[in-house]
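Engineer: what follows is a protein structure lacking sequence information:
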Ligand SMILES: Cc1cc2nc3c(=O)[nH]c(=O)nc-3n(C[C@H](O)[C@H](O)[C@H](O)COP(=O)(O)O)c2cc1C
């Protein structure tokens, strides 16, 4: 893609046209954190919990940075904030589960985005996956993953997991668009 095309894309997304010099260097000085977050919020995503167990303690957080990566072997990625409390224990555990939330599970999305890990798991019967990670029983879909790689990426880590088991049910997903939940 050439520089004018990149400029058109940026304008279509609500950004002002980047300066030519900035485009040439690949860095747009206009892209601060808030603008980037706002622009990316226009990409509709699902919402999931990433959970793991380390030395008997459960850890987990709400995520929307989840993607399939490879079919053979089956790989997914999740992006975890390196400054978060879940980052180190999830990676140290060597495995994690992804529970994709259904449209009626917004409360779980809120719960796993704040508070202590003890509060997040309180009163909900998670089941153990075969790798030992807690899975939300009535999740719309779930994946049980063994961590195969961790790539540093800015203030996050890209955690690549091989899918050891997975399943899906019926229902509508919880979706996230422009910082709001919907269906
Ligand atoms: C809809 C939604 C999506 C989120 N996606 C991510 C994500 O992909 N990666 C991430 O590290 N944090 C994400 N967060 C933020 C974390 O859930 C939140 O900061 C949480 O408190 C981190 O927990 P921790 O301190 O145990 O790591 C998201 C939050 C919400 C509400």
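Structural biologist: Perfect, I can see it now. Note that this is a predicted model, so its numbers are computed, not measured.
Engineer: so what does the helix or strand residue 97 falls within touch, helix or strand wise?
Structural biologist: Secondary-structure assignment from DSSP states H and E places residue 97 in strand 95-100. Other elements packing on strand 95-100 under the criterion 3 or more C-beta pairs under 8 Å, 6 or more residues apart in numbering; DSSP states H and E are strand 48-54, strand 75-81, strand 134-135, strand 141-153, strand 156-168. Just so you know, the C-beta spots here come from the backbone N, C-alpha and C atoms, and that holds for glycine as well.
Engineer: so which of those strands is nearest residue 36?
Structural biologist: For those, proximity to residue 36 was assessed by C-beta to C-beta; strand 156-168 is nearest, at 12.8 Å.
Engineer: once you drop chain neighbours, what's closest to the residue in the chain that the ligand sits nearest to?
Structural biologist: The ligand sits closest to residue 84 of the chain, with a gap of 2.5 Å, by C-beta to the nearest ligand atom. Distances taken as C-beta to C-beta, 6 or more residues apart in numbering place residue 61 nearest to residue 84, at 6.4 Å, with adjacent residues excluded.
Engineer: what does the pLDDT read for that neighbour?
Structural biologist: Note for residue 61: predicted pLDDT of 98.
Engineer: after the helix or strand harbouring it, next one along is what?
Structural biologist: In the assignment (DSSP H and E), residue 61 maps to strand 57-63. Sequence-wise, the next helix or strand downstream of strand 57-63 (DSSP H and E) is strand 66-70.
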